[in-house]
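[1] predicted structure and sequence below. I'll ask about it afterward.
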There are 2 protein chains.
Amino acid sequence: MWLMFQFPLCPFSRKIRLLLGEKGVGYELVRESPWQRRDEFIDMNPAGQTPVMADDSRNLVLIDSQAICEYFEETEEKSPMISGTAQNRAEIRRLTTWFDQQFYGDVVAPLMNEKMRKRLVDRTSPDAKMLREAMKNAVSHLDYTDYLLDHRNWLAGATLSLADLTAAAHISVADYLGGIDWRGHDLTSRWYAGLKSRPSFRPLLGERMEVIVPPAHYDKVDFL
Amino acid sequence: MWLMFQFPLCPFSRKIRLLLGEKGVGYELVRESPWQRRDEFIDMNPAGQTPVMADDSRNLVLIDSQAICEYFEETEEKSPMISGTAQNRAEIRRLTTWFDQQFYGDVVAPLMNEKMRKRLVDRTSPDAKMLREAMKNAVSHLDYTDYLLDHRNWLAGATLSLADLTAAAHISVADYLGGIDWRGHDLTSRWYAGLKSRPSFRPLLGERMEVIVPPAHYDKVDFL
């Protein structure tokens, strides 16, 4: 049985959970708070980051969300999410990195720092200026997804791919933390509503992160 | 013909160049200084980062160093660099990300900022404290590569892989910028000397970045 070390608002863990949900791969959740830098966790993953997937029965430990996705893409044939020509696959991977690095760095990481880390770890208040900046960045990013979805059915092309799952994972964390203003982003809103209604997404939307309460629209499929 | 948009000290471009060198894929270099945020370059890659690979004859643009590596790995059979079992491939990708994110963030990015960006762009002097910190981080990282090479022939396992090329790309930039103290890291030194003597590495070692002069040992295979 696969164990997944994660916490409810980890976007990189959500990316894997959406992929495994689509593929029908079972796993058990293990709560890990990477900011605590637990010795046993650092021994398993020197980078100290979630998610980590471990299968003790096969002495397997998988680390790094993209390496984990590629592993399951190679070993589980159901619902391929990095598919098509080499060019299509390059576009899927480009956009996956875009969300894992650009969207995460511009939007998700500052929101998590201000609204989660400061509350749970530092016991201080969020910096309003940082929050405004992250929310402004989110608007630019949704302008870009609107642009992509104006030209394509899904973010990276004609079919649902890892780019959509990754984008939805990051957007869902930003949305939980109140960082997304959906007004004026109709194409992205419709695309996100479609993803929210998938069985792979429902379990994520039901989870809560301790004292941090999401906005009322967060888990609704009709959220506009 | 492939064009590669890059600059001599871009570690992510070096990673691709080593891969293409091993695979015998030809390309032409186009000098791009991403910090200038040239409009035509941002139009091509909204992330504004090098490397970008473009093949006008096939209307192809590839973005993000890992997506580019996976593309050539899929389309060029010669010298596979993400090979072996799914587990081996996961380990190759884990370590590739380790160098692209951890080593880059802890060592290469601060060195590039202090010794390249400040000199070329800001016209200010490097911060000695930041440099010391980056060099201290490099020592911890080489302790880790020593540990890996004490257990394996190559960083990710029994054969040369993308993990070695990626590590060498980042280490070479740090070394050019005087950030690596090789003393006490015999295993990593020997591994790096072996990589430096490969035909794929020689062209990189001959290039210079304007006014920035590397230490005397930088391009020597016998550098200790």
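    Everything's here; your move. Given the structure is predicted, the values throughout are model-derived calculations rather than measurements.
[2] for the helix or strand harbouring A:Ala109, packing partners?
    If you go by DSSP states H and E, A:Ala109 is part of helix A:109-111. With contacts defined as 3 or more C-beta pairs under 8 Å, 6 or more residues apart in numbering or on different chains; DSSP states H and E, helix A:109-111 has these neighbours: helix A:128-151. All C-beta spots, glycine's among them, are computed from the backbone N, C-alpha and C.
[3] and the contacts of the helix holding A:Ala109?
    Residues from elsewhere that reach helix A:109-111 (C-beta atoms under 8 Å, 6 or more residues apart in numbering or on different chains): A:130-131, A:133-134, A:173-174, A:177, A:179.
[4] so where do the helices sit in chain A?
    A:11-23, A:39-44, A:65-75, A:86-97, A:109-111, A:128-151, A:162-176, A:186-196, A:202-206 (DSSP state H).
[5] export those to JSON lines and tack on mean pLDDT, mean neighbour count and distance to B:Asp219?
    Listed next are the helices of chain A as JSON lines, based on pLDDT from 0 to 100; neighbours: other C-beta atoms under 10 Å in any protein chain shown; distance: least, C-beta to C-beta, whole Å:
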{"stretch": "helix A:11-23", "mean pLDDT": "98", "mean neighbour count": "23", "distance to B:Asp219": "38"}
{"stretch": "helix A:39-44", "mean pLDDT": "96", "mean neighbour count": "12", "distance to B:Asp219": "37"}
{"stretch": "helix A:65-75", "mean pLDDT": "98", "mean neighbour count": "21", "distance to B:Asp219": "32"}
{"stretch": "helix A:86-97", "mean pLDDT": "98", "mean neighbour count": "23", "distance to B:Asp219": "31"}
{"stretch": "helix A:109-111", "mean pLDDT": "98", "mean neighbour count": "22", "distance to B:Asp219": "38"}
{"stretch": "helix A:128-151", "mean pLDDT": "97", "mean neighbour count": "16", "distance to B:Asp219": "41"}
{"stretch": "helix A:162-176", "mean pLDDT": "98", "mean neighbour count": "27", "distance to B:Asp219": "40"}
{"stretch": "helix A:186-196", "mean pLDDT": "97", "mean neighbour count": "18", "distance to B:Asp219": "49"}
{"stretch": "helix A:202-206", "mean pLDDT": "94", "mean neighbour count": "14", "distance to B:Asp219": "51"}
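[6] so which of those is nearest B:Ile92?
    helix A:65-75 (8.2 Å; C-beta to C-beta).
[7] remind me what that closest one packs against, helices and strands.
    Looks like helix A:65-75 contacts helix A:11-23, helix A:86-97, helix B:86-97 (3+ C-beta pairs under 8 Å, 6+ apart).
[8] follow-up on the earlier one: go through the helices of chain A and name the closest to B:Pro51.
    Counting by C-beta to C-beta, and looking across all of these, nearest comes helix A:86-97 at 12.2 Å.
[9] which secondary structure elements does that closest one contact?
    helix A:65-75, helix A:162-176, strand B:60-63, helix B:65-75.
[10] quick one, which of those is nearest to B:Glu210?
    Per C-beta to C-beta, nearest to B:Glu210 of the helices and strands packed on helix A:86-97: helix B:65-75, 22.8 Å.
[11] could you dump the closest one to PDB, C-alpha only?
    Backbone C-alpha positions of helix B:65-75 (Å, rounded to 0.1, in the frame of the first residue of the first chain) are rendered in PDB as follows:
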ATOM      1  CA  SER B  65      14.800  22.700 -19.100                       C
ATOM      2  CA  GLN B  66      13.200  19.600 -17.800                       C
ATOM      3  CA  ALA B  67      10.500  19.600 -20.500                       C
ATOM      4  CA  ILE B  68      13.200  20.100 -23.100                       C
ATOM      5  CA  CYS B  69      15.300  17.100 -21.700                       C
ATOM      6  CA  GLU B  70      12.200  14.900 -21.600                       C
ATOM      7  CA  TYR B  71      11.500  15.900 -25.300                       C
ATOM      8  CA  PHE B  72      14.900  14.900 -26.500                       C
ATOM      9  CA  GLU B  73      14.900  11.800 -24.400                       C
ATOM     10  CA  GLU B  74      11.700  10.700 -26.100                       C
ATOM     11  CA  THR B  75      12.800  11.700 -29.600                       C
END
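[12] got the CA positions of stretch A:76-88 in PDB?
    Taking C-alpha atoms only, stretch A:76-88 is exported to PDB below (Å, rounded to 0.1, in the frame of the first residue of the first chain):
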ATOM      1  CA  GLU A  76      -0.200   3.000 -14.600                       C
ATOM      2  CA  GLU A  77      -1.700   2.900 -18.100                       C
ATOM      3  CA  LYS A  78      -5.200   4.100 -17.100                       C
ATOM      4  CA  SER A  79      -6.000   7.800 -17.900                       C
ATOM      5  CA  PRO A  80      -2.700   8.900 -19.400                       C
ATOM      6  CA  MET A  81      -2.100  12.600 -18.400                       C
ATOM      7  CA  ILE A  82       1.200  13.200 -20.300                       C
ATOM      8  CA  SER A  83       0.100  11.900 -23.600                       C
ATOM      9  CA  GLY A  84       0.000  12.800 -27.400                       C
ATOM     10  CA  THR A  85       3.000  13.600 -29.600                       C
ATOM     11  CA  ALA A  86       6.400  14.600 -28.100                       C
ATOM     12  CA  GLN A  87       5.500  18.200 -28.900                       C
ATOM     13  CA  ASN A  88       2.100  17.800 -26.900                       C
END
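[13] and that stretch, how far out from the chain middle?
    Centroid separation for stretch A:76-88 versus its chain: 19 Å, with C-alpha atoms, centre = their mean, to the nearest Å.
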